[in-house]
Every structure is written in structure tokens, then in C-alpha cells.
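Chemist: Sharing a sequence plus its predicted fold:
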Amino acid sequence: MRTPRSTYRLQLTADFTLWDAARLVPYLARLGADWVYLSPILQAEPGSQHGYDVTDHSRVDESRGGADGLRALSDAAHEAGLGVLVDIVPNHVGVATPAQNPWWWDLLKNGRESRYADAFDVDWEFGGGRIRIPVLGDDSIEALALETDDAGDTVLAYYDNRYPIAPGTADDGADAQTVHARQHYELMNWRRESTDLNYRRFFAVSTLAAIRVEEPWVFDESHAEIARWFREGLVDGLRVDHPDGLADPGGYIERLSELTSGGYILVEKILEGDEPLERDWKTAGTTGYDALAGLDRVFVDPAGEQPLDRLAAALRLESATTTGDYRALIHDTKRGVADGILQAEARRLTRDIERAGGLATPTDSAVITDAVAELLTCFPVYRSYLPAGREHLDEALARAREQRPDLDAVLVETATVLARTGSAPAIRFQQTSGMVMAKGVEDTAFYRFTRLTSLTEVGAEPDEFSVSVEHFHELQRRRHRTVPDTMTTLSTHDTKRSEDTRSRISALAEIADGWAGTIAKIRALLPLFDGSFENLLWQALVGAWPLTRERAQDYALKAAREAGDATSWLAPDEEFEARMSAAIDAVFTDPIARGLIESQVAAVRGAGRITSLSEKLVQLTTTGVPDVYQGTELWDHSLVDPDNRRPVDYDLRSELLTVQDAGELPLWQPDEADDAGAVKLLVASTALRLRRDRPELFTGYKPLEARGSGAAHVLAFDRGGAITVATRLPIGLTARGGWDDTTLELPATRAGYVDTFTGRIVSEGDIRLAELLATYPVALLQRIED
């Protein structure tokens, strides 16, 4: 199996296609990337900006370059010595435009008699033999009409939506409403999707219908094009999106490994805490969110925890989120999701339980649903893989019994049914628990737990404030022992904030009292009367500044509605949103408001950049396979999607890299507002090139210990000839007078080391960090061979 030494993630769209990616390969090779890592490339919904809404598995998306574009990219990459990693989406398909999806169109047209009826996970009995489509603006179907499509077929039209007509159901001159009643689908009020939907979907997105790849023919047909990529040598590895939605993730990965002849496979698996990756899965590892959590936290000042806790508690006095207990918070948000937008899934689980024989004691359906929802709420990880992970169900039961003693007997009996490996209720519970976790935690609680928002990131535990250097080293050694080829990352298309935005926000932990003073002034000037959300909002603007007013407004609206306290997606509060919009505008028009933001940015800009460089170097050189998300080789202060999927200026990056390679070292200007980030490009390109060209220097992991008054401010390790030295907690380091007497003992070597950033020769033994880090706050030392 070919394994990448690093990857570079590209987001493909109609505006940045496979052809564009092919033209970018020379730059990526110069940068030092080992593999090109592509977002989904199968045919997706028209206008899709992400590709996760695949509509046709049989072909490469034409708008993204098509099959010829893939061939061009593959040829360019392989000729340059780069591999190709592609993101695939086995769990679901896009159904927003039915005519674009041949499987879904046939299902709607022919119902249970469709060849694709078994490809989708539909509860036909609950729908009265019809599949329910939540598209109507209300309960009226008066707007339905019959039309003739471009092929000359009669279709049912609802405004811009078109649906097929079952054979023989529109031949008698009946009106559209009568024809609708004869179809294998029922168009219903979109508000009913949370309770009455009868097909499995991706999270709470009803326009993404789940498919059953556990069926051999479904796997074969949905992966025929992917198999061609490997058969023809176009692609070298795969990234599997959302494996936790599948009925049997391990079995799926086994088949995928066979299809790829043992190719490099990563899974987008979110691990909670110390949860290990399933050992029997034929995968190299995860997509790196577990690594990100430790990388962030080793650069957070633990001294900031108590003062930021006090600030958060004070802000909660004027907020709908009143609890500071993170575990209590996520119980409430997960339960809200199970009772709210995913209630349809909880109800379907109840029907599965009843069809499997029900509980030992006859119990009302609503009571069973209550118990199911509580078990989903209390489940401690994304999902189990029975019989593996039974202990997680046991823990969920114990927690649920504490929360709901009134349901004790029902909870016990329900958990007994859900523990039966291979049964329909057990499989569906496992597919659903991750949905509740993702929507309740990542997409709700992360917007309410706001003491330091750089910690509320995918795959992280926000109540873990920081990690010690010693613990960080143990995490890296564990990864090296268990999953050495797993991915590591700092930014992705799904992170809530980019790495540089988080680094700047994390610096607030070093000046917590200063931040408390700033936010008090901002709230007095621009009150929103929701303290917890205001903490999140103004941290975001400080982290991403400077940004356009449109970006700030878009982020604020999404964040407020995701939090679901002062406003929400389903019940927008126009008064709050208008007040929030005015506050954002004021930051761009009122000199006082703008000054408050810019003065706070100035206080943490330099520290944020030092942390960004340090964390980037550590991520690129520590254990695992590092990924660079598009554009982050320069400063990138992005927020949540779609902000983190904006176009990248590759001409600028290529130009700066050319200047660098001509021998002109970039100046280190940590406090310069207009600095593009040439120093970060130097760090990224140098580390990537060394990993690619000298892999023998990255075969181990040994912590290096500093001595002296500034020892707590350095993170250093030896990978086997490549030594990383990074600065941490820079504000505190400056306050104590710099490195002073701090030294680092370098491992013995005959010829010494070369600082790969500056070209300076460094001797073995003790070296003063004031000398080593005189030019840049980081160093990457390469052992000089005899």
C-alpha cells in the first residue's frame, strides 16, 4: 500500500475544477505536498459548493471537470510524483432535484416496485405505502400542477420542483391534486419532516437520503466508478465520509479495501476522549480531528481557565444558557435534538422495536420513544459497533436511569432490545446516535459553551481547557504506536474556525482579565442581552479580523441560529436579529466600536501568529500524516462554512514561494497588520519538503526537555533526525523577559544540525533558545549526515 507523507486538501467546485487542480500541481509539488487530496468528485446537485450531495455514482461531476478532468489531474499529479486521495460519500445521496438522481426518480415513480426500492431505507408501512417528501410551504397542495418535461413526459410540478408520475396515473384527465394522491410519494408540509419523515437521511437534512450500501448490489453499483479509478490507476487512496451512518461500517471498509486492492483508506470518524479507533477496520486511521484537539490545547495557557470561567459565569446571568456544566449542557442540547429535529428518527426506532416484538412489558409507543430519546441523549460516544462498544450502551443506560428514574424499567428493557447485535433496532440505534451527537453537540452546544471558543472544535471536548506538554508527548507517542499513518489536521472544510483564527482566540487565555474588560465595554456600547452569545460573537470577530461586513453578518446569523437561544432556524426572532445586525454594522461604521475590536486584535495578533507558526510546525512534523487545508500555508482567518470554502489566491502563494526559493528569507513581523504570512509559507514548505524528501528522519518520537526559566514555553521533540522546536504561551514568555537562560539539549550527532529555516549550523549539546529562536519563534533542525 502506498502511503502519503503529507496531503493538500482542495475544495472542488464549478469555479475551481479538476482542470484547475491539474494546473496547480506544479505549485503543490514545489510546496512539498506528497498527495493531492480532493473533495467529492462524483456527480452532485447542480450548483453544489461541496459535493457531498452526490446524485449519480456512475460518473465524475461534469461541472467539476468530468472524467477527462480527473484523468488530467491524475496524470499531472503522478508525473510530478504526487498521489491522489479522493473523498467519497457512501452514506447518502442528494435528492433535492429528483430528476438529477436516477435512483431517486425511479423510486418516486415506481414505489416499492422500483428496482431501487431496496437501495433506500424507507419505512413504507408508516407512510401508508408512500414516501413522504417535506417540500410544501404549508398543508395545501393547491399549487400543484401537471406539466410536460423536456422529454415529453408528464410530471407533477410544485413551483420549481418536479416529480415523476407513476405509469397510468394521469391518463384520465384528473387534476394535479388527484394525480398526487395516486403517487408512490406524498408531498407534505416541510415542518412535518422532524416528526413524520419515513426515510433515513443524513443528520437532519431531508434533501440527503441515505442509501443501504450494506446490500451487495447497492455497493457494487454505487462504487463501480470508484473501482474504475483504481483499476485504471487514477486514484491512490480514499477518504470515507460519515462511516458512522452505515449499517456496518467495518464490513463496508472491508469491501472497500478489497475494491482498492488494499489501498490507503481514511475514515471521517469522530473519536470522543480516549476512545480508540476500531482495531479490526482496514483503515489507516481517521481524518485527524482527534489530533487537532491535542494540538490546539498544548498551546492554551491553563492559567486562563479560572478567570475565563468567572467571565463566562457572569455572562450567563444574561443568557438563555444558564448552566456552566458542559455535561449538563450537552445533555439538554442532545435531548432537544432527539425531541426536535430528529424526533422522526426516534419514532422510527420505536417502530423497529415494536416490529421486533416490543418490550418485555407492554408499553405505550410514546413512552418507548421517550426512553429511546433519553438513551440517544446519554450515549457517550458517536456510536457503537456491536458487539464492540457494548460498554457505551451500558454507560448510556446508567446515565439515563440517573436522569429519568421515572422511566427506569422501560429504559432497562429498551436497552436490552438495543443490545441485540444485528437486530434492526440495534442497527438503527447505532446509525442514529451519531446524528444526535453531531447536531446536539457540534451544531448546538458548541455555540452555547463560549468561555474560549477556540476549544469548541469538531472532535474536541470543550471542557478540557488545555493539556500539558507531557501529556501532549504521550498522545503523539500513542499515535505513533497505534495508527502511524492516520491523518492529522488543523483546518478542514468542517472546522468551526480556521487554525489561525483559533490561535488568535487562544491567546485570550493569556490575557483573560483584559478580554473581560474589552467585552464589558463592547456590551455596554452594543448590547445584545445574551451574554454567552456575545462572548462567542466578539471572540469570532477578534479572531477573524479584518473581515468584510458581509462575512461578519453571515457568520453572526448562522452562529445565533445554531445556538438556538435568542433566535433559531425554525423560529427566527426578528427583533434580536435586527439588533445583532446593527451591532455588526456598528463595528464597521462607529469608530469607538471598531477601536475596541482593533485594540483587542492588536493585543493578541503577535501572540496568535507565534502560536500559529508553532502549531503548524508541530502538526507538520509530529506523528501521523499531516494535511494542509487549501490556502492555510499563509495566514487564513476563516470562520465556519461556507466562510472556510472561499476561493484561494494561488497566484500570490506561488509568487511568494518563488521569492522564498530565490533565497530571500521573509521578515518576521508578528505585529504587522498587513503581513500576508510569508513566514508561515516558509515553515509549511520547509517542513513538507523535509518530510517528503527525508522520510527516514521521521521514524520515531522522542520528547526533548528544556531547562531554565523559560522551559515551560517550549515544545520540542526529535522524530529521528528531524527536531522540532516551538514556542508556546508567548505573552507570558515576553512578560518574564524572554528566553534568558533557557536551553535545550540536542541529541548527540557527529556533524551537528542545520536550521532548515535559516541555514544556520547548530552544534549538538546544550543550545540557548535565545540564539536558536533569534530569527523566528520556531526551528526545524535537520541532522547533518557524515
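Modeler: On my side now, so go ahead.
Chemist: Please make it C-alpha for all contacts and neighbour counts, starting now.
Modeler: Noted.
Chemist: ok, Thr322 to Glu113 distance?
Modeler: Distance from Thr322 to Glu113, counting by CA to CA, to the nearest Å: 52 Å.
Chemist: Look at the two and report which has more neighbours.
Modeler: Regarding Thr322 and Glu113, a neighbour count based on other CA atoms under 10 Å identifies Thr322 as having more, with 16 against 12.
Chemist: Check the secondary structure at the more buried one for me.
Modeler: At Thr322, secondary structure determined by DSSP: H, G, I helix; E, B strand; the rest coil is coil.
Chemist: Enumerate every residue touching it.
Modeler: Arg316 (CA atoms under 8 Å, 6 or more residues apart in numbering).
Chemist: and Ile723, that one's in a strand?
Modeler: Yes. Looking at Ile723 with three-state DSSP, it is inside a strand.
Chemist: and it, how many residues sit next to it?
Modeler: Ile723 has 26 nearby residues by other CA under 10 Å.
Chemist: next one: Ser58
Modeler: Using other CA under 10 Å, Ser58 has 14 neighbouring residues.
Chemist: what about stretch 549-559, average pLDDT?
Modeler: On average, the pLDDT along stretch 549-559 is 98.
Chemist: That stretch: how far from the chain's middle?
Modeler: When C-alpha coordinates are averaged (CA atoms, centre = their mean, to the nearest Å), stretch 549-559 and its chain have centres 19 Å apart.
Chemist: mind listing what's buried in it?
Modeler: Using 16 or more other CA atoms under 10 Å as the test for burial, stretch 549-559 gives Arg549, Ala552, Gln553, Tyr555, Ala556, Leu557, Lys558, Ala559.
Chemist: For the host helix or strand of the fourth one, name the packing helices and strands.
Modeler: This points to Tyr555. Using DSSP states H and E, Tyr555 sits in helix 549-563. Here helix 549-563 touches helix 531-544, helix 574-589, going by 3 or more CA pairs under 8 Å, 6 or more residues apart in numbering; DSSP states H and E.
Chemist: any idea of the angle that helix forms with helix 531-544?
Modeler: 140 degrees (axes from the mean of the first three to the mean of the last three CA atoms, to 10 degrees).
Chemist: so where's the longest helix in this protein?
Modeler: Longest among the helix segments of the chain by residue count, using DSSP state H, is helix 591-621.
Chemist: And for the next helix or strand after that one, what's in contact with it?
Modeler: The helix or strand immediately downstream of helix 591-621 is strand 625-629, counting by DSSP H and E. If you take CA under 8 Å, 6+ apart as the criterion, strand 625-629 is touched by 4-10, 484-493, 619-620.
Chemist: which residues in the stretch 601-750 of the chain form helices?
Modeler: 650-661, 678-693, 730-735 (DSSP state H, counting those that start in this stretch).
Chemist: Among the ones you listed, show me which one is buried the most.
Modeler: Neighbour counts (mean count of other CA atoms under 10 Å) averaged over each of the helices of the stretch 601-750 of the chain peak at helix 678-693, with a mean of 22.
Chemist: That one vs helix 650-661, what angle?
Modeler: 80 degrees.
Chemist: Can you give me every residue that contacts the nearest residue to Leu715 once chain neighbours are set aside?
Modeler: Spatial nearest neighbour of Leu715, excluding adjacent residues (CA to CA, 6 or more residues apart in numbering): Ala726 at 5.2 Å. Taking CA under 8 Å, 6+ apart as the criterion, Ala726 is in contact with Ser614, Glu615, Leu617, Val618, Val714, Leu715, Ala716, Pro777, Val778, Ala779.
Chemist: The last one pairs with what?
Modeler: Meaning Ala779. Val725 (DSSP bridges).
Chemist: I appreciate the help and will end here.
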